[in-house]
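A.B. asks: Curious how this folds, go ahead:
(one chain, ligands or ions: 1)
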Amino acid sequence: MVRFEQVAKRYPGGIQALGEVSFGLARGEMVFLTGHSGAGKSTLLKLIALLERPSRGRVLFDGRNVGRISRRQIPWLRRQIGIVFQDHSLLSDRRVFDNVALPLVIAGVAYPEIRKRVRAALDKVGLLEKERMYPPMLSGGQQQRVGIARAIVAKPPLLLADEPTGNLDPELSAELMQFFVSLNELGTTVLIASHDLDLIRRLQRRVLVLKDGALADDVPARQVAAP
Ligand SMILES: Nc1ncnc2c1ncn2[C@@H]1O[C@H](COP(=O)(O)OP(=O)(O)OP(=O)(O)O)[C@@H](O)[C@H]1O
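C.D. replies: Numbering: from 1, shown residues only. Below you'll find the model as predicted:
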C-alpha cells in the first residue's frame, strides 16, 4: 500500500530529518513507528500524507508516486488517509461535532449522512455527549479523542497516528490502542508513531525503528519481546 524507496527529507535551513529510508507497508498491516525525539517519525508520516515532499527518493501509495501526484489527485490521496496529529489540530471556534464533520463536509457528503457518521465516530471514542462543546472546554485527552474521531469518520483505508496516546493516562491509552486494533481487524491499515514501548510490546505488531533519520530496525511482530 505504501512504499518508501531511498527517501530523504531535508528541511529548508539544512536539517536532514530523514536519509535513505526504504520500507513497505502492506494493506491490512498494523505497524508501530518508534525512535527518539527528533528521529524523524512525524516527518515520515507527513511524507505519506503529502504534507511534506521528499527531497530525494520516492514515496509510493498504491503504486503511485506521491511526489509526482497532480494537484487534481491530491483530494483523492487525502481521502485514502486519516491522520491523528500530535497537537490535535482542532478548530477551537467550531463545536466538536463540526470538527469531526470536516472531512465529510469537504467530501460533499449530504447532511443526514454526516450527522449519522459523526455521531457514530464520536460514540466510538466515547465522546457523544460532548458533541455541542468547543475543543477548549475539553481535557487534552478528550481533544485527542476528537482528533481520532475526525481521522476515522470518513473510513479511510489508511490511518496514520502521531503519538495518539501522548496526552492520555495508561488506562485510556490501552483502551485507545485496543480501538486501533479493532479498526485494523476490520480492514484499516494502521501506522502509529509512538515511543510508548510498553504499549508497543503488549500489542505485538511489527515495529519500525528510526534513529537519527535512518531506519535502524524493522522488527517483525513475532520477534517483538513481550512486556
Ligand atoms: N518544518 C520543519 N522545519 C525544519 N526542521 C524540521 C521541521 N519539522 C521537523 N524538523 C526537524 O526534523 C527532525 C525530525 O523531526 P520529526 O518531528 O520528524 O521527529 P519526531 O521523531 O517526530 O520527533 P518527536 O518524537 O519529538 O515528535 C528534527 O530535527 C526537527 O527539528
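
A.B. asks: can you pull the contacts of residue 77?
C.D. replies: Contacts of residue 77 were listed using Cβ atoms under 8 Å, 6 or more residues apart in numbering, and they are 49, 50, 61, 66, 69. C-beta here means a position set from N, CA and C on the backbone, and glycine is covered the same way.

A.B. asks: before we move on, what about residue 120?
C.D. replies: Residue 120 neighbours (Cβ under 8 Å, 6+ apart): none.

A.B. asks: what about 10 Å?
C.D. replies: Contacts for residue 120 (Cβ atoms under 10 Å, 6 or more residues apart in numbering) come out as 128, 149, 152, 153.

A.B. asks: Mind telling me the two of these farthest from one another?
C.D. replies: Using Cβ to Cβ, the two most remote members of the contacts of residue 120 are 128 and 152, lying 14.4 Å apart.

A.B. asks: what about the two, which has more around it?
C.D. replies: residue 152 (22 against 16; other Cβ atoms under 10 Å).

A.B. asks: Against the ligand, how distant is that one?
C.D. replies: 22 Å (Cβ to the nearest ligand atom, to the nearest Å).

A.B. asks: wait, that residue sits on residue 179?
C.D. replies: Yes. The criterion here is Cβ atoms under 10 Å, and residue 152 meets it with residue 179 at 9.1 Å.

A.B. asks: got any residues that touch both of these two?
C.D. replies: With Cβ under 10 Å, 6+ apart, residue 152 and residue 179 have common neighbours 124, 125.

A.B. asks: circling back: turn the contacts of residue 120 into TSV, columns for secondary structure and distance to residue 189.
C.D. replies: Output for these, formatted as TSV (DSSP: H, G, I helix; E, B strand; the rest coil; distance: Cβ to Cβ, whole Å):
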residue	secondary structure	distance to residue 189
128	helix	27
149	helix	19
152	helix	13
153	coil	17
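
A.B. asks: between those, which is closest to residue 15?
C.D. replies: residue 152 (32.0 Å).

A.B. asks: For that closest one, give me its contacts.
C.D. replies: When contacts are taken as Cβ under 10 Å, 6+ apart, residue 152 is in contact with 82, 84, 100, 103, 117, 120-121, 124-125, 159, 179-180, 183, 188.
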